[in-house]
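J.: just the structure for this:
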Amino acid sequence: MGYRRTPEELAAVRATLADVEFVGGESLSVDFLTRPDVVRDILPAELDPGAEPRVTVQVSRWRSSCVGDFAASAVYVSASHRGVAGDYVLTMWMDDDVPLLFGRDLYGEPKKIGTSTLWRNDGHMTGVLERHGTRLVEIEADLGPDRGPTEVVGRNFNVKYELCPGGDALAGPPTLMMAEFAQRTTLVRKGPAVLRLTGTVHDPLDDLEVLELRDAVYVETGMKATCVPLGPMDPDAFLPLALGRSDHWPALATARLPG
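T.: Take a look at the predicted model:
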C-alpha cells in the first residue's frame, strides 16, 4: 500500500466504490416548513423548490462498506430537477475526516467536522450536533410504536466544484450531482418533536425560520448508494452558495504579520 496505487489496488478501489453500502443506520429526523423565499434563496438556480418549502434536519450514526463507522448530521431542503424530486443537501457534519473526504470528493456533499450523538431512553430519543463548543442542533422526540419495515429510494442533489485560490471565482463550471439511496428500513417510529437550532457565523442555522414543525421520525435502516453527474452549472450564480458552504474565513483571523 503506497502513494502510487498498484493495478490490483486500483481494481479493489473500483470494486468498493461500485458497491457502496451504509448499514446498521440509526436516524432521528424532523421536517419543518419555512418561508418559500428562504428555500429559493438557498437553492442553486438549476434546482426548483419542492412541492412545499420543507427542510429536514437529521442526526444519525452508521456502519459502512467503505468509510468505517461514523456519526453524522445534515440539513436537507426539498427540491427537484427536471421533474425528479429529491432533497438538496444544504450542509452536513461528519465526526471523522474519512467519511468527510469520501462524500466531498466523490459526491460533492458539503461536509464539515462536527460531533453528532443519539440517545434513546425507551420511547424518548434525543439527537444532538455540536461544533466548536456550540450545540447547533437538538432534536427531542417521544416515539410511538414501530410501523413496520419499508423500502424506499431517496435522492439527494449535491454540487462538485473547485474554488479559485482568491475566492473570487470558481475554477470552471460546477457539476450538479444526484445521489440515490436504495433503503431497506427495518423499524420506523414517529412522534411529537421539539427542535432547537442555533446559528453561528460559520453555521447560520438560525436563518432557517421554522413555521410549522412536524413529527420526528426514527428509523433503523441500511442502504445502497450510487451517484451520477447531471450536468454543468452556472459558476457565477453558484459562487455565493459555494462560499456559504465553507466557514466564514474573515471571522477566523487570529493574527497578522507586523505592519
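
J.: could you say what helices and strands the helix or strand containing Phe181 packs with?
T.: Counting by DSSP states H and E, the element that carries Phe181 is strand 175-191. Judged by 3 or more Cβ pairs under 8 Å, 6 or more residues apart in numbering; DSSP states H and E, strand 175-191 is in contact with strand 150-160, strand 212-232. From N, CA and C alone the C-beta is placed, and that goes for glycine too.

J.: report the distance from it to the chain centre.
T.: Centroid separation for strand 175-191 versus its chain: 12 Å, with Cα atoms, centre = their mean, to the nearest Å.

J.: same question for it: list its buried residues.
T.: Leu176, Met177, Met178, Ala179, Glu180, Phe181, Gln183, Thr185, Val188, Arg189, Lys190, Gly191 (16 or more other Cβ atoms under 10 Å).

J.: residues in contact with whichever helix or strand comes after that strand?
T.: Per DSSP H and E, the first helix or strand lying C-terminal to strand 175-191 is strand 193-197. Residues from elsewhere that reach strand 193-197, judged by Cβ atoms under 8 Å, 6 or more residues apart in numbering: 30, 32, 57, 135-141, 205-206, 208, 210, 213-216.

J.: residues near Leu170, how many?
T.: When neighbours are defined as other Cβ atoms under 10 Å, Leu170 has 19 of them.

J.: okay if I get the helices and strands packed on strand 175-191 as a markdown table plus mean pLDDT and distance to Trp249?
T.: Formatted as a markdown table, the helices and strands packed on strand 175-191 follow (pLDDT from 0 to 100; distance: least, Cβ to Cβ, whole Å):
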| stretch | mean pLDDT | distance to Trp249 |
| --- | --- | --- |
| strand 150-160 | 97 | 19 |
| strand 212-232 | 98 | 26 |
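
J.: save those strands as a markdown table, and put in distance to Gly114 too.
T.: Formatted as a markdown table, the helices and strands packed on strand 175-191 follow (distance: least, Cβ to Cβ, whole Å):
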| stretch | distance to Gly114 |
| --- | --- |
| strand 150-160 | 18 |
| strand 212-232 | 20 |
